[in-house]
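Asker: Okay, predicted coordinates and the sequence, questions at the end:
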Amino acid sequence: MTLPDWPAPKLRGNRLPGHRYTSRAFFEQEWERMWTRVWLLLGRESEIPEAGDWQREDVGPESFLMVRQADGGIKAYYNVCQHRGARLVTEEKGHARRFVCPYHSWAFQLDGVLAFAQDAEDFPEGDPCGKLRLEEVRCESFAGFIWINMDPDCVSLQDYLGPIWDDWSRYELDTWKRYLAQTTTLPVNWKVVIDNFNESYHVPTVHRVRGTPEERKRMHSGVDTNYKNTRFDLSEEGHNRMIMAGGYAGASLNQDGSIGEPLNTIMREWGLDPADFVGRGHETREALQAAKRKLGPGKNYTHYAKLADEQLTDAFHYTLFPNFAVSLWSDGFHFLRARPHPTDPEQCVFDNFWYASQPEGETSPIRTTAGIVPRDQEVERQIFEPGDVSLGRTIDQDVEIFPLQQAGLRSRGYKGAYLAGQESRIRRYHELIDDYIEGRR
Ligand code: FES
Ligand SMILES: [Fe+2]
């Protein structure tokens, strides 16, 4: 079983001038015409399991509440009181019977309806209770994540996600747990971050590994990112996929032909002896696929039965329009998200999370990009100033280069991007933003 290619939409080849990353006018157009009309991955179902549990997330100038309802469903609201506009909550998450506004104590039920207003008889337009309600936004769940859309006339989430829906449905992602959750602000436009995750052209420079030119094309995590060995897909819906064959296998070979890390450990975990593969590194991918097929069910890796062969071993990298990037492994989900700043085009909010599969009885620790974490240690989110905490070596290296680009994008001497073929995903994203702004979407 192999995953089919996606249809490749035509690219126009627009030049991408620097003002797209710096201008307030462009930032406002993006907000009004694009952000308010796309599905945004915002929350996690497992964070709000019980009726009354709620989670808050902000995007640009807006703040949203996702609330578990009495019937088990989830509703999402703008985090704004309908009396005179105060924010209802400022905490990140919690549990409530009603949302009581901190200004004049109006109280809204979980279903959004206003249940209490002080001096309710004193309103010339009539008692607001039972009449006013929190403003709702479209809200759907997929892969255990809660998504919202500010456009009441939007397409369904499934239609919006297109082929992502099928690819991801195979992994049982709704059962995966979180082992890394970091949020920080970055002094760059949100597209600087997302452009970076839409290309691997920077890898040999920014994530430099010492060694032969071949080895230098490899990232610290052991993924072979040479574009000639990589499969790229662009979808009509606007999302991108990049598949690096062999994942860790592609790049774990030592000079003497022996199997290095992390492939060595992974092979042992699946009952293979790396010594049997000295000088035959190219055979490890299929061997690992066969071993996972054979041993997976017995080890309760139930999702393996649904995964395509390449999903068992390869490095999948997705970018979901407009602001979500993920590296997806058979058992790991590296979640990268950039959200616009409320007012400043030259800042954004960056999230770096890691989720891992949960085969029953599995005890081996979780290998995240920011280190190895015990399996029993699901984490709370850390929010910090840039540079205060490491985001893991690879992401630290990315984040360090971003401000240099932001500064250059501001220059009168910058004439717009000159993109390589392997940077087509960047071009596609920017053309889609223009499609939204110019009314083609
Ligand atoms: S603004 Fe919320 S009760 Fe007045
Ligand atoms: Fe990078």
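Answerer: In hand now; what should we look at? Ligands and ions are numbered 1, 2, ... in the order given.
Asker: hey, which helix is longest across the chain?
Answerer: Counting by DSSP state H, the longest helix found in the chain is helix 393-409.
Asker: what mean pLDDT would you report for the following helix or strand past it?
Answerer: Downstream of helix 393-409, the first helix or strand assigned by DSSP states H and E is helix 424-437. Per-residue pLDDT over helix 424-437 has a mean of 97.
Asker: for stretch 301-313, same thing?
Answerer: 95.
Asker: how long is that stretch end to end?
Answerer: End-to-end span of stretch 301-313 (C-alpha to C-alpha, to the nearest Å): 14 Å.
Asker: Quick check: buried residues in that stretch?
Answerer: Using 16 or more other C-beta atoms under 10 Å as the test for burial, stretch 301-313 gives 301, 303-304, 307, 309-313. C-betas here are computed from N, CA, C, even on glycine.
Asker: Sort out which of the residues you listed are in helices and list them.
Answerer: Per DSSP H, those map to helices at 309-313.
Asker: and Lys292, which of the three is it?
Answerer: Secondary structure for Lys292, judged by DSSP: H, G, I helix; E, B strand; the rest coil, is helix.
Asker: Surely it touches Trp270?
Answerer: Yes. Contact criterion C-beta atoms under 8 Å: Lys292 and Trp270 qualify, at 5.9 Å.
Asker: quick one on the thing from earlier: give me the contacts around the longest helix of the chain.
Answerer: Outside helix 393-409, the residues that touch it by C-beta atoms under 8 Å, 6 or more residues apart in numbering are 18, 21-22, 186-189, 192-193, 196, 202, 206-207, 219-221, 336, 346, 350, 352, 369-370, 386, 390-391, 414.
Asker: Narrow these to those in strands?
Answerer: Of the positions in the contacts of helix 393-409, 186, 336, 350, 352 sit in strands, assigned by DSSP state E.
Asker: Closest approach to ligand 1 from the stretch 151-300 of the chain, which residue is it?
Answerer: Relative to ligand 1, the nearest point of the stretch 151-300 of the chain is Pro152 (23.6 Å; C-beta to the nearest ligand atom).
Asker: That residue: what's it in contact with?
Answerer: Pro152 touches Arg138, counting by C-beta under 8 Å, 6+ apart.
Asker: who touches whatever helix or strand Asp233 lives in?
Answerer: Assignment of secondary structure by DSSP H and E places Asp233 within strand 230-234. Outside of strand 230-234, the residues within contact range by C-beta under 8 Å, 6+ apart are 5-6, 8-9, 163, 200, 240-245, 422, 424-425, 428.
Asker: Which residue in the residues you listed has the weakest pLDDT?
Answerer: Scoring the contacts of strand 230-234 by pLDDT puts Ala8 last, at 81.
Asker: check contacts around that one.
Answerer: Going by C-beta under 8 Å, 6+ apart, the list of residues near Ala8 reads 233-234.
Asker: please renumber so the chain begins at 37
Answerer: Got it, first residue is 37 now, which makes that one Ala44.
Asker: What helix or strand is it located in?
Answerer: If you go by DSSP H and E, Ala44 is not part of any helix or strand.
Asker: now swap in Trp183 and tell me
Answerer: Counting by DSSP H and E, Trp183 is part of strand 181-185.
Asker: Check Phe352 too.
Answerer: Phe352 belongs to strand 351-356 when assigned by DSSP H and E.
Asker: Could you list every helix and strand that the helix or strand following that strand packs against?
Answerer: Heading C-terminal from strand 351-356, the first helix or strand you meet, by DSSP H and E, is strand 360-364. Here strand 360-364 touches strand 351-356, strand 368-376, going by 3 or more C-beta pairs under 8 Å, 6 or more residues apart in numbering; DSSP states H and E.
Asker: re the thing from before, which one's more surrounded, Lys328 and Trp306?
Answerer: More neighbours surround Lys328 than the other of Lys328 and Trp306, with 24 against 18 (other C-beta atoms under 10 Å).
Asker: pLDDT value on the more buried one, please?
Answerer: Per the predicted model, pLDDT is 97 at Lys328.
Asker: do you know how far the closest residue to it other than its chain neighbours is from Thr404?
Answerer: Leaving aside its sequence neighbours, Lys328 sits nearest to Leu348 (C-beta to C-beta, 6 or more residues apart in numbering; 4.8 Å). Taken as C-beta to C-beta, to the nearest Å, the spacing of Leu348 relative to Thr404 amounts to 20 Å.
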